[in-house]
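Trainee: Output the structure for:
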Amino acid sequence: MKKIALIATMFGTIVATNVNADYLDNVAQAGDECLTLTLEKTEPYLDPQDESYQQDGKVVTTSIPLSVTRSVVAGDSKTSHSRVKNIPYITSTYLDEGNPGSFWFDCMEAKGATGPEATINFGT
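Mentor: Below is the predicted model:
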């Protein structure tokens, strides 16, 4: 019986690991696409020859850690597995309307790349 529980625990951990990796890869891809979109939408504000040009403003690119944890319980055993991946992140005062990162975050929501499965740590 213990052998079956051990195999179930190992199998569950492997499945959870793959789900974590796929999920993190999808969120990272969405983060990269949203960063690119933000840069494209910001570009006219940076061009002195464009009518949208604004001299004052700021664009900051960085990354934020995203962590996902899965736990598998088999009988009396519990196994947890966590993964962390840095997700591309951008703020643009030209597009964020006073709420840093809001354009990027709205893009992430539109792509379904936010939700209870993920904990995005913006630091303290």
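Trainee: So residue 39: helix, strand or coil?
Mentor: helix (DSSP: H, G, I helix; E, B strand; the rest coil).
Trainee: count of neighbours near it?
Mentor: 14 (other Cβ atoms under 10 Å). Using the backbone N, CA and C atoms, a C-beta is placed for each residue, glycine as well.
Trainee: Which residues are in contact with it?
Mentor: Residues near residue 39 by Cβ atoms under 8 Å, 6 or more residues apart in numbering: 59, 90.
Trainee: ok, now how distant is it from residue 23?
Mentor: 25 Å (Cβ to Cβ, to the nearest Å).
Trainee: What of residue 85?
Mentor: Taken as Cβ to Cβ, the span from residue 85 to residue 23 is 9 Å.
Trainee: Equivalent analysis for residue 82, please.
Mentor: Residue 82 sits 12 Å away from residue 23, going by Cβ to Cβ.
Trainee: before we move on, what about residue 87?
Mentor: Applying Cβ to Cβ to residue 87 and residue 23 gives a distance of 12 Å.
Trainee: Compare these two and say which is more crowded by neighbours.
Mentor: The neighbour comparison of residue 87 against residue 23 (other Cβ under 10 Å) goes to residue 87, with 23 against 19.
Trainee: Was I right to think that one contacts residue 66?
Mentor: Yes: contact criterion Cβ atoms under 8 Å: residue 87 and residue 66 qualify, at 4.9 Å.
Trainee: ok so residue 78 is a helix residue?
Mentor: No: under three-state DSSP, residue 78 falls outside any helix and is assigned strand.
Trainee: Any idea what the spatially closest residue to it that is not a sequence neighbour is bridged to?
Mentor: Closest residue in space to residue 78, ignoring its immediate chain neighbours: residue 71 at 6.1 Å, by Cβ to Cβ, 6 or more residues apart in numbering. In this entry, residue 71 is beta-bridged to residue 80, by DSSP bridges.
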